[in-house]
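**Q** A structural model of the following input is requested.
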Amino acid sequence: MKFAKDPYWKKSGFYTISQRVTNILFGFGSFYLLVRILTKADFGAWALYITVTSLIEIARNGLVQNALIKFATSSEKKDYPTIINSALVLNVITTVFSIAILFSIAGFLSKIWSVPQLAFILYLYTITTLLLLPASQLNGVQQANLDFKGVFYTSFVRQGLFFILVLVIWFTNYPIELYQLAVIQILGAFFGSLTCFLFAKKYLHYSKSINWDWVKKLFNYGKFVFGTNISAMVFNGLDQMIIGIMINPVAVAFYNTVLRIINAFEVPLSSISAMVFPQSSKRSVEQGKEAVKYLYERSVGLLIGMIIPVVIGTLLFAKEIIWIIAGEKYFDAIPILQVAIFIALFMPYQRQFGVIMDSIGKAKVNFITILITTLINIITDYLFISAFGVIGAAYGTLSAMMIAFVFTQIILHKEVKTNPLNTFIYAWKFYTDCMRMVSSKLLKT
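**A** Below you'll find the model as predicted:
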């Protein structure tokens, strides 16, 4: 069960890590340019827009993709076309529902955040979310077949196109408006979905009729993942939402700068999660909870081993990091970063907890846990922001993460007998393996 020796982990790991790396690079590149192109107020408004649209996108994918992957990998082959067909029906219903939600809340959000242009660009995003329907469906189909190649290229085309066009805007000094950035997203969604179809068409085996029992079955599983993803996205964007209400969009711009740095940890987190979920789902059926326990402790240990040196480096060079990515005008974000970086230490435990709960059929437990954590975070954010201003959002989220860590470890121990201390053993093994590999290379040289 060694990760490095398993062909699945090598191939899927290459594409999933490549996808996350390119997403971070394109995302950071776009951020680096936009933070210099836009005013602080406009950049704060754009950050709020991204928070809302990411919530819609991730929530929809959670309802459809996880259920599709779960049942397509664990059900009989004869049910495969029916599952794919049912997932498509559910995807269409969810897309229509999300568009209706956007139209109903756009004006309200624009008012409470004092961002007049926000409503219009949210209306434009309804086109984007419609164009992303095929990609959402087909990405799930590919992952259900343990194929991550098309998922990588779809993301590469979509995110890369946005970055290239923003780069052109920066070079030409074009006075870009926020609605034009939303139009660029529409183009990315179109070409991304087209790319996804080219890679996934070989897996398309739809049934001729709609099996509503399977639609209901997928929904009953996916609704908790859907709720979990909404709660998780609200949790991730909660700080910015509350800052936007309690302070202003300029303060959101400062905090978003810090979040961009924290989001760099999404590369290993998302990559490992994407690989662990289908394997954990499969092994929980074939090998039992002992295999799931191993996957959790090993994956978290690997992530902790990667994150600790970065946390230390960020604490030591916070000023230099802010200067490089955003410039001197964002130096007020330095103390926020020095607090928020500790959140990264708890991220692997929380992320892999969700993966394990979903894979063993405990999606409801995961949903309730995230929901409770989000409610705690609302309270802690309000209290700390009221007392300390923008930096209070970092204190609030860190406090909520620490509380969540305690009760998620209790749940995991009850379900699969995990021990959080074992993650540090695997983290230490990660360091010794790295040192052994380096020394071996040096000796050969």
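**Q** for the stretch 301-445 of the chain, what spans make up the strands?
**A** For the stretch 301-445 of the chain, no strands turn up when DSSP state E, counting those that start in this stretch is the criterion.
**Q** in it, which spans are helices?
**A** Using DSSP state H, counting those that start in this stretch, the helices assigned to the stretch 301-445 of the chain run over residues 318-325, 334-340, 347-359, 363-388, 391-416, 420-444.
**Q** quick check: which of these is buried the most?
**A** For the helices of the stretch 301-445 of the chain, ranked by mean neighbour count under the definition mean count of other Cβ atoms under 10 Å, the leader is helix 347-359 at a mean of 25. Bear in mind the C-beta positions are built from the backbone N, C-alpha and C, glycine included.
**Q** can you check what angle separates it from helix 363-388?
**A** For the pair helix 347-359 and helix 363-388, the angle between their directions (axes from the mean of the first three to the mean of the last three Cα atoms, to 10 degrees) equals 150 degrees.
**Q** for this structure, what helix or strand is lowest in average pLDDT?
**A** helix 266-286 (a mean of 57; mean pLDDT, DSSP states H and E).
**Q** ends of stretch 135-151, what's the gap?
**A** 9 Å (Cα to Cα, to the nearest Å).
**Q** circling back to that earlier point, dump the helices of the stretch 301-445 of the chain to CSV, plus mean pLDDT and distance to residue 230.
**A** Listed next are those as CSV, based on pLDDT from 0 to 100; distance: least, Cβ to Cβ, whole Å:
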stretch, mean pLDDT, distance to residue 230
helix 318-325, 88, 29
helix 334-340, 91, 23
helix 347-359, 82, 13
helix 363-388, 88, 9
helix 391-416, 90, 16
helix 420-444, 79, 27
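**Q** let me have the ones you listed in TSV, extended by distance to residue 14.
**A** Conversion of the helices of the stretch 301-445 of the chain to TSV gives the following (distance: least, Cβ to Cβ, whole Å):
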stretch	distance to residue 14
helix 318-325	27
helix 334-340	31
helix 347-359	20
helix 363-388	28
helix 391-416	28
helix 420-444	18
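**Q** so which of those is nearest residue 93?
**A** Go through these one by one with Cβ to Cβ and the one that ends up closest to residue 93 is helix 363-388, at 18.8 Å.
**Q** angle of that closest one against helix 391-416?
**A** 160 degrees.
**Q** packing partners of helix 363-388?
**A** Counting by 3 or more Cβ pairs under 8 Å, 6 or more residues apart in numbering; DSSP states H and E, the packing neighbours recorded for helix 363-388 are helix 212-246, helix 347-359, helix 391-416.
**Q** could you dump those to JSON lines with distance to residue 121?
**A** Shown next, in JSON lines, are the helices and strands packed on helix 363-388 (distance: least, Cβ to Cβ, whole Å):
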{"stretch": "helix 212-246", "distance to residue 121": "15"}
{"stretch": "helix 347-359", "distance to residue 121": "29"}
{"stretch": "helix 391-416", "distance to residue 121": "24"}
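**Q** which among those helices is found nearest to residue 82?
**A** Using Cβ to Cβ as the criterion, the shortest distance between residue 82 and these is 5.3 Å, found for helix 212-246.
**Q** list the helices and strands that closest one packs on?
**A** Judged by 3+ Cβ pairs under 8 Å, 6+ apart, the packing partners of helix 212-246 are helix 40-74, helix 80-112, helix 249-262, helix 347-359, helix 363-388, helix 391-416.
**Q** can you tell me which of these is nearest to residue 438?
**A** Comparing those against residue 438 with Cβ to Cβ, the closest turns out to be helix 347-359 (23.6 Å).
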